[in-house]
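**Q** need coordinates for the below:
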Amino acid sequence: MSERILILIDGSNFYHSTSKVGIKVNFEKLIKELIGSRKLVSVNYYVAPLDINADKEKYWAHQRFLKILEGIPGFRVFLCNLKKLTVDGKGVYLVKGDDIKLSNALIMGAVNNEYDTVILISGDEDFIDSIKIVKEKYHKKVGNAYFVKTSSYNLRRACDFTVKLDKIVDKISESNEKESSALSEDHTEH
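**A** Coordinates of the predicted model:
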């Protein structure tokens, strides 16, 4: 029986990571690199829709991007809440509910024996407790795919294995302009 892989993507964290590295990721290539010949259970992407009142053009570009993601086999987009705060007179946006939804999928997927290995794409160490639960209680393997500039050492240490995305950028980034507009994250998160 082939090893079953679940990929969980912290969307906002991933967007900011790729922005810092300066690449546009082709999600189909990323998935292929991460699963290899193993069986993909699903890819869960947690993100909040942008604020339409802040910028209608960016909002609709983001909506088109999410629709493209949903067209990738096995890809599921989970929408979370976007909360606007005022800090020093400026509007600041926070994605709310994404970490808990991702943690719930991590734990409940283990409880229901939906996967053998989970690959978490995030640099956020908030997931460490959930990782410990699925490893210790359900004996699942957990990996962390990350970019060095935005990675938590403690998160990597809590996992069974890591994938340094910086090392495979040439394999997962867009190769031409046509693909770039269709499959990359071409929106701006707040």
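**Q** ok, and what's touching the strand of greatest length in the chain?
**A** The strand that spans the most residues within the chain, counting by DSSP state E, is strand 39-47. With contact meaning CB atoms under 8 Å, 6 or more residues apart in numbering, strand 39-47 is reached by 2-12, 15, 27, 31, 66, 69, 72, 74-80, 95, 98, 101-102, 105, 109, 114-115, 189. Where you see a C-beta, it was placed from the backbone N, CA and C, and this is true even at glycine.
**Q** again, but for stretch 94-106
**A** Contacts for stretch 94-106 (CB under 8 Å, 6+ apart): 6, 8, 10-12, 44, 46-48, 78, 80-83, 85, 118, 120, 122, 124, 126-127, 130-131, 134, 189.
**Q** gap between it and the chain center?
**A** Counting by CA atoms, centre = their mean, to the nearest Å, stretch 94-106 is centred 11 Å from the centre of its parent chain.
**Q** in it, what's buried?
**A** Within stretch 94-106, the residues that count as buried by 16 or more other CB atoms under 10 Å are Val95, Asp98, Asp99, Leu102, Ser103, Ala105, Leu106.
**Q** take the residues you listed and keep only those in helices.
**A** With helices taken from DSSP state H, the overlap with the buried residues of stretch 94-106 comprises Asp98, Asp99, Leu102, Ser103, Ala105, Leu106.
**Q** tell me the phi and psi of Asp116?
**A** Asp116 adopts backbone torsions of phi -100, psi -40, taken as degrees, to the nearest 10.
**Q** right, and it touches Ala110 too?
**A** No - if you go by CB atoms under 8 Å, Asp116 and Ala110 don't touch, sitting 9.8 Å apart.
**Q** many thanks, we can stop here.
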